[in-house]
Each structure stands twice: as C-alpha cells, then as structure tokens.
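S.K.: Return a 3D structure for these sequence lines:
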Amino acid sequence: MALGNYVQTGDWKGEKHVPVIEAPETAVSGGAVEVKLCVGKEISHPNTPAHYIKWIKLFFVPDGGKFAVELANLTFDAHADTADAAKPGPAAAEPFGSVKVKLSASGTLIAQSYCNIHGLWENSKQIKIG
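M.R.: From the prediction side, this is the model:
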C-alpha cells in the first residue's frame with residue numbers, strides 16, 4: 001500500500017481542494033522566484049473548526065531527478081476555533097502563502113494540501129530555468 005494511491009488531483013478551477021501554484025513559466029538560474037500557493041482560488045474552501053485546510057507543502061523535482069526536494073511547509077492552525085459551534089471564533093488563517101525559491105535546474109513544482117475531511121490533494125507546474 002502506497003500513500004500515492006490516496007492522493008487526489010483535479011482542476012483547481014472546478015475543485016476547491018486542489019492546491020494552486022502560481023509561478024512564472026521560466027526563470028533565471030539561481031535567481032529568486034516567487035511561488036504563491038493557495039487552496040480555493042476559484043471556489044472558496046470552508047475554513048471552520050469542522051472543515052479546513054491544515055497545510056500546503058511545496059516540493060521540487062528537477063528534470064531527470066530521482067528525488068523530490070521539500071521547499072516549503074505552510075501550516076494553518078487557526079480555523080475560526082470556538083467553544084460555541086453555532087458561531088465562528090474571532091480568527092482564522094486562510095490557506096494561502098508565498099515563498100521565494102532559488103532553482104538552478106528546470107523541473108516540476110509539486111504542491112500537496114491536506115483537508116481534514118477530504119484528505120490529500122496534489123497539483124504540479126513545470127518551470128524552465130535558463
């Protein structure tokens with residue numbers, strides 16, 4: 001049994017659980033590249049004590065590489081937690097983050113997200129380094 005059998009994918013424009021990766025198509029070798037990550041860009045994902053995104057992770061696999069490099073781990077710990085289930089609490093962290101990375105090879109950015117009800121989700125984006 002492999003964890004990969006339980007990772008779900010889809011089109012983020014029609015599925016609120018798929019992590020969205022916003023990054024340039026091309027970049028300069030060794031230059032800082034901003035990568036924005038979110039869940040629920042087109043369709044909002046709930047952020048309540050009962051249903052939320054716990055984390056988004058960003059990985060990079062260089063072309064021809066055998067292993068993924070973990071670049072970032074964004075955790076979201078406030079989900080409008082409250083003692084009163086009838087109304088949300090005073091604060092919530094939205095599943096969004098931005099990271100600057102430096103890449104020296106072309107490859108694939110891979111984002112995974114975890115929903116406490118609907119499990120693991122994944123998306124990827126190619127990036128060319130010149």
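
S.K.: so where's the protein uncertain?
M.R.: Counting by pLDDT under 70, the chain has low-confidence residues at 85.

S.K.: could you redo the last one with a cut-off of 80?
M.R.: Applying pLDDT under 80 to the chain flags residues 1-4, 8, 11-15, 82-88.

S.K.: quick one: the strands in it?
M.R.: When assigned using DSSP state E, the strands of the chain occupy the ranges 19-22, 26-27, 32-39, 53-62, 69-75, 96-102, 107-115, 119-129.

S.K.: For Ala83, find the nearest of these.
M.R.: With CB to CB as the measure, strand 53-62 is the member of these nearest Ala83 (20.4 Å). In this view, the C-beta of every residue, glycine as well, is placed from N, C-alpha and C.

S.K.: and His45, how many neighbours?
M.R.: His45 is flanked by 20 other residues according to other CB atoms under 10 Å.

S.K.: which non-adjacent residue is nearest it?
M.R.: Lys16 (4.6 Å; CB to CB, 6 or more residues apart in numbering).

S.K.: and that neighbour, how far is that from Val69?
M.R.: From Lys16 across to Val69, the span is 28 Å (CB to CB, to the nearest Å).
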